[in-house]
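S.K.: Quick one, what's the 3D model for this:
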Amino acid sequence: MNIFFVLAQTAEKQQQIVPMDVFWQQIAKLGWFEALIAVSFGAVYLIYGWRIFKVLAVVSFGMIGLFAGMHLGDKMGSQLWGGVFGLIILAVLSIPLMHWAVSMLGAAAGGIVTGCIWYAVGLPQQYIWAGVIIGIVAGGMISFIVFKIAVMLFTSLGGAMLIITGLLSLARLYEKHQTGDAGFVYSLVNEYNWFMPAILIFTTFIGIVIQHKLVKGSSDWKL
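M.R.: Residues are numbered from 1 along each chain as shown. Take a look at the predicted model:
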């Protein structure tokens, strides 16, 4: 039996696994000032991430350690100290292991991209991890072979996330100011599966193209 036919049948019965409501809550929380800051920092992240990738890698691993430590600390009786220790440990470890850290972030970015594609085409969300794993493996292999690709991929994706969050928040605030409701922006995020993945992948691609040109023209950039 054709596997795509099976997946299509399963997709009709699927439950919502991807937490789009969480994404929307982040968008809805931002005010005008915070949204503009997100767009500004995202633009720097997107275009000049290759210049500051070491700092961004340390910050990224620090945040991963923070959330992981908070989760473990909650079970051990101290969420605060668990988060603090997790942040410090992973942030410090990422400095001497920078090549590995950036390659892992590149692999994670690859997983996010393929997960977005899986979600956009309407494949069963309960199997989305299959698409994510494919992206992680492919992104990891490419990142370890060509280190610059890992840098451009994870920084472009991070910048794209910030820019899109900020712009959607601004669009929501403008729509709410004009009509008293943000139903159109809400429907784009929550009801059209293709919308968020499409603009995220497109913006990430633009960032990679820009960074590639800047890196290519820079003779003093060192890994």
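S.K.: Determine the set of other helices and strands touching the helix of greatest length in the chain.
M.R.: As assigned by DSSP state H, the longest helix anywhere in the chain is helix 147-179. Secondary-structure packing of helix 147-179 (3 or more CB pairs under 8 Å, 6 or more residues apart in numbering; DSSP states H and E): helix 20-29, helix 32-48, helix 53-76, helix 98-120, helix 128-145, helix 183-190, helix 195-216. All C-beta spots, glycine's among them, are computed from the backbone N, C-alpha and C.
S.K.: I'd like the ones you listed written out as a markdown table, with distance to residue 158, mean pLDDT and mean neighbour count added.
M.R.: Shown next, in a markdown table, are the helices and strands packed on helix 147-179 (distance: least, CB to CB, whole Å; pLDDT from 0 to 100; neighbours: other CB atoms under 10 Å):
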| stretch | distance to residue 158 | mean pLDDT | mean neighbour count |
| --- | --- | --- | --- |
| helix 20-29 | 14 | 86 | 14 |
| helix 32-48 | 5 | 93 | 17 |
| helix 53-76 | 7 | 88 | 17 |
| helix 98-120 | 8 | 92 | 22 |
| helix 128-145 | 14 | 89 | 17 |
| helix 183-190 | 19 | 89 | 15 |
| helix 195-216 | 9 | 92 | 17 |
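S.K.: Of all the ones you listed, which one comes closest to residue 176?
M.R.: Nearest to residue 176, of all the helices and strands packed on helix 147-179, is helix 183-190, at 8.6 Å by CB to CB.
S.K.: For the closest one, what is the distance to the chain centroid?
M.R.: 20 Å (CA atoms, centre = their mean, to the nearest Å).
S.K.: report the angle between the axes of that helix and helix 195-216?
M.R.: 70 degrees (axes from the mean of the first three to the mean of the last three CA atoms, to 10 degrees).
S.K.: what's helix 183-190 packed up against?
M.R.: With contacts taken as 3+ CB pairs under 8 Å, 6+ apart, helix 183-190 sits against helix 20-29, helix 147-179, helix 195-216.
S.K.: In terms of helix, strand or coil, where does the residue lying closest to residue 66 once chain neighbours are set aside fall?
M.R.: Leaving out its chain neighbours, the residue that sits closest to residue 66 by CB to CB, 6 or more residues apart in numbering is residue 87, at 4.2 Å. For residue 87, the secondary-structure state derived from DSSP: H, G, I helix; E, B strand; the rest coil is helix.
S.K.: can you pull the contacts of residue 87?
M.R.: For residue 87, the contacting residues are 62, 63, 65, 66, 69, by CB atoms under 8 Å, 6 or more residues apart in numbering.
S.K.: For it, give its distance to residue 132.
M.R.: To residue 132, residue 87 is 25 Å away according to CB to CB, to the nearest Å.
S.K.: same deal with residue 89?
M.R.: 25 Å.
S.K.: Quick check: buried residues in the longest helix of the chain?
M.R.: The neighbour-count check on helix 147-179 (16 or more other CB atoms under 10 Å) flags 147-173, 175 as buried.
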